[in-house]
Each structure stands twice: as C-alpha cells, then as structure tokens.
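In: predicted model and sequence follow; I will ask about them next.
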Amino acid sequence: MDSLLALAGTSWFSDSAVEDLEQRIPGFMMLRDFFQKWLKLDVTTLLTAAALLGAASSGVHSVQQTGSKLYWWIVRFLTASISIAGNDRLNREVLNWLGAHVLSKKGTRVLTANSETIRNDAWSYRRVSQERNDYHHEKRMPVQYLPTFGTTWFIHHRNIFMVRRILTSNSHFNSAWAWTPDEYAGAPEGDEPLVVMCLGRSVEPIKRFLDTCREFADRQREAYITVRISKRSYDETWDTTILRPLRPLETVHFDEETKKALVADIENYLDVNTRKFYNRRGIPYRRGFLLYGPPGTGKTSLSLALAGRFGLELYLLHMPSVRDDTVLEKLFTALPPRCMVLLEDIDAVGIKRRWRARHDSDDSDSGNDSDKSDGDSDLDRGRSSCTLSGLLNVLDGVASQEGRIVLMTSNFAEKLDKALVRPGRVDKMLYLGHISPRSSELMFLRMFGPDADGTAPADRAVQLPQDQLNQLAIEFSNCIPSDVFTPAQVQGYLLNHRDSPLDAAAKAKEWVQEEIRLIEAAKEKERKEAEAKKKKRKERKRRKAVRMAEALRDYNSDDDLEELRQKIKEEKRQKRDVRDEIETEETSARGKTDETVAPVKPDVESVQNGEPNGVLQDDAGGSEAKTDETTPTDQKVGVTDTEPGVGVNGLDSKSHESNGVMSGQ
Ligand SMILES: Nc1ncnc2c1ncn2[C@@H]1O[C@H](COP(=O)(O)OP(=O)(O)OP(=O)(O)O)[C@@H](O)[C@H]1O
C-alpha cells in the first residue's frame with residue numbers, strides 16, 4: 001500500500017509540462033500542491049493513468065467492433081439464412097420442432113420454460129401428450145422447454161444449423177440491467193423473430209428443414225381440430241386457439257345418406273379442379289351451408305367433425321357476441337384462404353331491425369313488447385349488433401375471402417332473411433332434427449362399446465360381449481320413439497347410466513314415459529300462455545274500438561268526419577314512411593352485394609328420405625314454403641336451380657316474396 005501511495009505521489013510530469021498545464025487550467029498548481037501536501041498524491045500522475053485507461057478501453061472497444069464485423073463477415077460468407085417474423089405461424093412451428101428434437105436431447109443449459117399462456121397462441125407450445133393429459137383434466141399445465149434468446153446449434157440431415165431467437169425490444173430493461181445478457185434479463189414473449197442459418201452457400205437445406213417443421217406441426221395437429229376464436233374484442237383478431245380432440249364423423253348420428261351427400265359435396269368443392277372450374281367461369285369460389293334445427297341436435301358437433309374430416313381449421317364466431325359490423329369485417333379479412341368458418345346462431349343478426357319494422361307497422365296502440373310471439377322474444381334476447389348488410393358483405397362482398405367454407409347454424413331458420421339464404425351465400429341446407437331409433441341404437445353402441453384400442457373404458461371393469469351389447473342397443477332403441485327427443489337428450493340419459501349398459505336398456509322405457517309426461521306438461525303450459533295472450537289482444541282491440549266510437553261521437557258534421565279521416569290517414573302515412581325507409585336501406589345493401597356475385601347453382605340432389613334427423617336439401621329444394629315474418633305469403637316453392645341475379649326458389653332475391661326454404665320435417 002505504501003509503495004502504491006509512493007508511486008502515486010511521484011510526479012510523472014516535467015516542470016515545463018506542469019507550467020504549461022497551469023497556463024491552460026489556472027489554479028492547477030495550487031490544486032496539485034494541496035493534494036501533494038495533504039493527501040500525498042500527485043494529481044498529474046492520476047491524470048496520466050486515467051488517460052492511459054481511456055485509451056486502452058477505446059482500443060478494446062474498437063478491437064471488439066472489428067472482431068464482431070469479422071465474425072459476421074465470416075458468418076455471411078459461410079452460411080445461408082432465412083429469417084421468420086415473430087407473428088408468423090412458421091416461427092412457432094420451428095420452435096416447437098426445436099423443443100421436441102433438439103433441446104430434449106442436447107445438454108442445453110439456458111432455456112425458456114413455458115406452461116400456460118394466458119393471452120397467446122398457446123397451442124403451439126404444447127406437445128401431443130401434454131394436450132391429451134390436459135384433456136383428461138390434469139390440474140396443472142405441464143411445462144415445456146424452448147430455446148431462449150441467442151443461438152441454438154444442431155445438425156439436421158448432415159447439415160449444421162443455427163437458429164437465432166432475437167430480442168427486438170429492450171424497453172422493459174432499465175439501465176441497471178443494461179449490462180446483463182438478454183437471456184438473464186428477460187424471457188421471450190412468444191413473438192420474437194427467428195433467423196435460421198445453415199452452414200453452406202445454399203438456402204435449400206433451410207427450406208427442407210422448414211418443411212420438416214411444418215410436417216411435424218401437421219402431424220401433431222392430426223389428432224386434433226384447431227378451433228380459433230376471437231375473445232379479445234378490443235383488437236378484433238382470432239386471438240385464441242383451442243385444440244379439440246378429433247371428433248369422427250361417425251359419432252354424429254343422423255341419416256347416413258345425407259351424411260354421405262354432405263361429405264361428397266365438400267370433397268368435391270375442395271378438389272383442386274373445382275377451384276379451377278370456378279375461376280375459369282368467374283364464379284366466386286365459396287361454399288356456404290346452413291345447419292338448422294332445434295337445440296341439441298348436433299349442429300356444432302357436425303361442424304367440428306367436418307373440420308376434422310377435411311383437416312381444416314375451424315374459425316368459430318358466436319354471432320350474438322360479435323360487437324358490430326366493423327369487428328365482423330376485420331375478423332373475416334383475417335381468415336386464411338382455406339378454412340371452415342362456423343357462424344353460430346346466425347338468426348341473431350339484424351333481428352332488432354326486422355322486429356322494429358314489423359311492430360312499427362302493427363296497428364297496435366299500446367306499443368307493448370309483451371305482444372311478441374315466443375319465437376320473437378327468444379330471438380330478441382340473443383340479438384347481435386351486426387346488421388344484415390354487414391353480414392351479407394362479409395359473406396360475399398368484394399373484399400370477402402375465397403376458398404373458405406362457411407357453416408351457419410340456426411334454431412330459428414324460418415326467421416332468416418331470404419337474402420342471407422340465397423345460393424352463393426347458402427348453397428345447401430341441412431336440417432338436423434330429433435333422433436330416430438336407428439340413431440339411438442348407434443349412440444348406445446358408441447357409449448357402451450369398447451374403446452378404440454379394444455379395451456373396456458377405464459371406469460368400467462367388465463366389457464359386455466359385442467352380441468349382448470347389440471341386443472341391448474336394439475332393446476334400447478325400441479323404447480325411443482321416433483322424432484321426439486333430441487340427440488342431446490338421449491346422450492344425457494345414456495351418460496347418467498354410463499357405468500351400466502344393462503341399466504340403461506332396462507330403465508329406458510320408464511325414462512321415456514317420464515320425459516313424454518314432462519313434454520306434454522310443457523306443451524300444455526305453452527298452450528295456456530298462448531290463449532292468455534290471444535285473450536289480451538282481443539281485449540285491446542275491443543278497447544280500441546270503444547275509443548274510436550267515442551271519438552266519432554264528437555264529430556257531428558261531415559267536415560268533422562273528414563278531419564278525422566285525414567288524421568287517421570296521416571298516422572298511417574307516417575308509419576309507412578318509417579317502414580319504407582328501413583326496407584330501402586336493407587334492399588340497397590343487398591343490391592350492393594348481389595351485383596358483385598353471381599349465385600352458385602347448387603349441384604347436389606336433395607336427399608329427403610323421411611329420416612327425421614338430418615335432411616340435406618339443395619337450397620330451397622322442393623320444400624314447402626313457410627311464411628316470412630316480414631312478408632306473409634303462402635307461396636309454395638320447389639325451384640332449385642337459380643340464374644344469376646335470381647334469388648332462392650327462382651324468385652328475385654330483392655323481391656319480398658317468402659324465401660320458403662325450410663323443410664317441414
Ligand atoms: N346428432 C348427434 N349425434 C351425436 N351426438 C349429438 C348429436 N346431436 C347432439 N349431440 C350431442 O349433444 C350435445 C350438444 O350437441 P351440439 O352442441 O352439437 O348441438 P347444437 O345443435 O349445436 O345445439 P345448439 O343449437 O343449442 O347450439 C353434444 O354433446 C353432442 O355430442
């Protein structure tokens with residue numbers, strides 16, 4: 001220590017240099033004397049040491065820079081590279097592949113741990129086994145390990161690869177962490193860009209590697225249906241991805257012929273030649289289906305099964321929860337070219353307007369909502385803020401994507417606007433109704449048959465022989481009356497007896513009787529309510545007539561009568577104006593979309609073989625017309641082929657005739 005102080009106290013400057021410094025910095029000598037006398041330090045020596053240190057560090061920095069430049073020059077010279085944006089699906093697929101093939105084998109010491117992603121594309125981080133565990137209700141999500149920031153090295157098909165995961169934003173690091181390496185200062189958020197490099201002068205091995213990653217992701221997805229939904233209303237994207245276990249089409253029970261026709265129709269549509277056919281003839285390459293029927297008859301299940309059958313991602317929108325037309329449009333714009341879109345409860349669109357139009361024109365003096373029919377009030381509860389024109393626009397407006405399949409579901413199909421169900425928007429209509437005995441037999445066998453691997457389900461120790469099961473299934477189905485229960489009801493009953501097929505078959509009769517009793521009671525209640533409403537309406541009409549008569553008493557001369565007539569006329573005119581305004585608005589919106597699209601001629605024969613559950617119709621194919629709520633008419637229909645510009649049933653799509661496309665099954 002003493003020697004150090006002695007060294008610091010020794011002056012390294014000549015006298016002339018010190019004088020020179022004094023001239024440049026007045027008071028320098030005084031300061032030097034002060035430090036020397038009291039601290040035994042020579043300031044000039046300290047200054048010299050500081051200057052030398054500064055020079056050394058800038059020297060190191062420039063050496064570092066040169067070294068880094070040289071390194072990247074060599075990297076560029078020796079490698080080929082492809083970069084992938086953070087939000088690209090391929091990015092996740094590469095990471096997924098690395099997680100499964102590289103990190104699990106290599107002794108990597110710095111990793112990112114990933115368990116449950118709350119607001120991100122969580123699916124891509126989970127492996128198949130993990131998903132399956134999750135499906136079996138594991139309490140916690142398993143952890144998956146992925147590369148962190150920096151470079152991961154590996155050999156693939158005799159090529160040396162490097163994948164760099166790049167940190168793009170430093171915003172969350174404060175200065176105290178600035179010196180800390182990225183992997184210790186933060187964790188990747190899931191949208192970091194990747195650069196895939198390969199030793200050599202060609203990008204071909206990288207392209208092959210990327211294909212491998214995609215195939216791996218496809219294989220992972222094979223056992224699952226990818227369902228994408230939009231949860232965050234503020235950024236209007238398909239932000240959440242759910243993997244649902246594949247549902248075989250055989251597990252959705254309805255008429256087999258209809259099922260075959262439906263599958264063949266979609267197969268034909270997805271065929272590459274069909275696309276060429278559409279393109280060459282200037283027909284928009286789109287296909288729309290309407291699945292309709294009572295709740296619990298398998299509309300959603302069928303959509304999931306179809307998506308799985310054709311390996312398409314299912315984009316699911318529950319219409320009543322779509323905020324408005326802008327959100328709907330943005331979501332449709334973000335759809336990939338080949339996918340399946342499921343619009344649930346399509347009847348919720350534009351209901352407010354239709355209901356208002358009708359009730360404005362009603363000659364009701366009360367304006368009381370209690371007048372609404374049951375169906376109306378049900379509809380009204382689930383109304384969407386999307387307008388009909390907004391929906392028509394996304395279905396086949398100029399900006400709408402081609403190549404996708406749209407499935408729409410509805411419990412109130414007879415209320416749908418004819419513009420919505422015209423060919424080009426809805427090319428096929430499929431009625432899913434109450435269960436048939438044959439379907440209940442199949443459902444019984446599915447419920448109590450052995451698992452796919454031939455073993456008894458885990459919660460059932462003994463598996464009955466197939467012959468006995470078949471016999472029980474027939475006994476069970478004999479108890480189920482045709483066209484009374486929904487498949488969901490029958491499934492619910494079978495689930496209640498999941499551990500005993502013998503009980504399920506034996507108690508079926510008793511259950512059916514009880515259910516029928518409940519149905520009858522509900523019908524009776526409904527009938528009484530309808531009667532009470534009818535009475536109320538009658539009473540209101542009577543009161544109105546009395547008021548009218550009283551008003552007439554005050555009019556003594558012909559002039560007074562004329563005045564009254566004018567008054568009534570004026571009231572009627574005002575109501576008509578409101579209605580016309582609404583209709584003009586709707587018609588012009590429809591007209592806009594009609595001009596852009598030539599309706600597609602349906603090409604699958606209508607299948608109607610009397611099976612209650614599942615009747616596939618060509619649009620309007622030979623079914624009896626039902627009355628449109630806005631334009632009552634008893635028109636019968638039966639025209640299937642439509643010409644461009646001509647709407648459903650051969651009627652002008654802009655006309656106000658009933659669309660009449662609903663089956664009376
Ligand atoms: N045809 C069917 N075949 C097999 N299972 C069915 C069928 N219909 C309904 N289910 C069963 O009933 C339940 C409800 O079915 P799903 O949600 O598909 O009906 P839905 O018609 O879409 O009902 P909603 O109109 O209320 O949305 C599911 O668990 C499904 O497995």
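Out: On my side now, so go ahead.
In: just the endpoints, please. Distance across stretch 193-203?
Out: Stretch 193-203 has an end-to-end distance of 18 Å (Cα to Cα, to the nearest Å).
In: ok, residues contacting it?
Out: For stretch 193-203, contacts defined as Cβ atoms under 8 Å, 6 or more residues apart in numbering pick out 75, 78-86, 91, 94-95, 159-166, 168, 205-206, 209-210. The way it works is simple: take the backbone N, C-alpha and C, and place the C-beta from them, glycine included.
In: go through it and flag the buried ones.
Out: Buried residues in stretch 193-203, defined by neighbour count with 16 or more other Cβ atoms under 10 Å: P193, L194, V196, M197, C198, V203.
In: between these, which is nearest V102?
Out: When those are ranked by distance to V102 (Cβ to Cβ), V196 comes first, at 12.4 Å.
In: so which helix or strand takes in the closest one?
Out: Using DSSP states H and E, V196 falls within strand 194-199.
In: for the ligand, what is the nearest residue in the protein?
Out: Here the residue of the chain nearest the ligand is G298; by Cβ to the nearest ligand atom that distance is 2.8 Å.
In: for that residue, grab phi and psi.
Out: The phi and psi values for G298, taken as degrees, to the nearest 10, are phi 100, psi 20.
In: for the buried residues of stretch 193-203, give me JSON lines that also has pLDDT and distance to K231.
Out: Converted to JSON lines, those look like this (pLDDT from 0 to 100; distance: Cβ to Cβ, whole Å):
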{"residue": "P193", "pLDDT": "90", "distance to K231": "25"}
{"residue": "L194", "pLDDT": "92", "distance to K231": "26"}
{"residue": "V196", "pLDDT": "94", "distance to K231": "32"}
{"residue": "M197", "pLDDT": "94", "distance to K231": "37"}
{"residue": "C198", "pLDDT": "94", "distance to K231": "38"}
{"residue": "V203", "pLDDT": "93", "distance to K231": "38"}
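In: mind putting those residues into a markdown table with distance to the ligand?
Out: A markdown table is the format used below for these (distance: Cβ to the nearest ligand atom, whole Å):
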| residue | distance to the ligand |
| --- | --- |
| P193 | 40 |
| L194 | 39 |
| V196 | 42 |
| M197 | 48 |
| C198 | 48 |
| V203 | 47 |
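In: around the ligand, which positions in this structure sit nearby?
Out: 252-254, 295-301, 409, 411, 487-488, 491 (Cβ under 6 Å from any ligand atom).
In: swap the cut-off to 5 Å and go again
Out: Neighbours of the ligand within the chain, by Cβ under 5 Å from any ligand atom: V252, H253, P295, G296, T297, G298, K299, T300, S301, P487, A488, Q491.
In: can you confirm the fourth one is in a strand?
Out: Translated: G296. No. Going by DSSP: H, G, I helix; E, B strand; the rest coil, the assignment for G296 is coil, not a strand.
In: list phi and psi for it.
Out: Dihedral angles of G296 (phi, psi; degrees, to the nearest 10) stand at phi 80, psi 20.
In: next structured bit after the strand or helix carrying D265?
Out: Here D265, judged by DSSP H and E, is contained in helix 256-270. Using DSSP H and E, the helix or strand that follows helix 256-270 in sequence is helix 272-280.
In: list the buried ones in that following helix?
Out: So, applying 16+ other Cβ under 10 Å, buried residues of helix 272-280: Y278.
In: list the contacts of that helix.
Out: N268, I283, P284, Y285, G403.
In: beta partners for the residue nearest to the spatial centre of the chain?
Out: For the chain, the residue sitting closest to the mean C-alpha position, by Cα atoms, centre = their mean, is I229 at 2.6 Å. For I229, the beta-bridge partners under DSSP bridges are T240, L316.
In: touching, E183 and P147? I think so.
Out: No. In this structure, E183 is not within contact of P147 by Cβ atoms under 8 Å, at 9.5 Å.
In: quick check, W153 in a strand?
Out: Yes. Counting by three-state DSSP, W153 is found in a strand.
In: that one: how many residues sit nearby?
Out: 12 (other Cβ atoms under 10 Å).
In: so it bridges to which residues?
Out: Assigned bridge partners for W153, using DSSP bridges, are M162.
In: contact partners for it?
Out: I160, F161, M162.
In: could you chop the chain up by domain?
Out: 2-74, 85-222, 240-432+570-643, 437-514 (automatic domain parsing).
In: export those domains to a markdown table and append columns for distance to A521.
Out: Output for these, formatted as a markdown table (distance: least, Cβ to Cβ, whole Å):
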| stretch | distance to A521 |
| --- | --- |
| domain 2-74 | 81 |
| domain 85-222 | 37 |
| domain 240-432+570-643 | 17 |
| domain 437-514 | 11 |
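In: pick the most deeply packed of those domains.
Out: domain 240-432+570-643 (a mean of 19; mean count of other Cβ atoms under 10 Å).
In: the stretch 51-200 of the chain: strands as residue ranges?
Out: Ranges of strands in the stretch 51-200 of the chain, per DSSP state E, counting those that start in this stretch, are 79-84, 111-114, 144-147, 150-156, 159-165, 194-199.
In: got those as JSON lines, with distance to R446 columns?
Out: Below are the strands of the stretch 51-200 of the chain laid out as JSON lines (distance: least, Cβ to Cβ, whole Å):
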{"stretch": "strand 79-84", "distance to R446": "43"}
{"stretch": "strand 111-114", "distance to R446": "36"}
{"stretch": "strand 144-147", "distance to R446": "33"}
{"stretch": "strand 150-156", "distance to R446": "43"}
{"stretch": "strand 159-165", "distance to R446": "45"}
{"stretch": "strand 194-199", "distance to R446": "44"}
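In: I appreciate the help and will end here.
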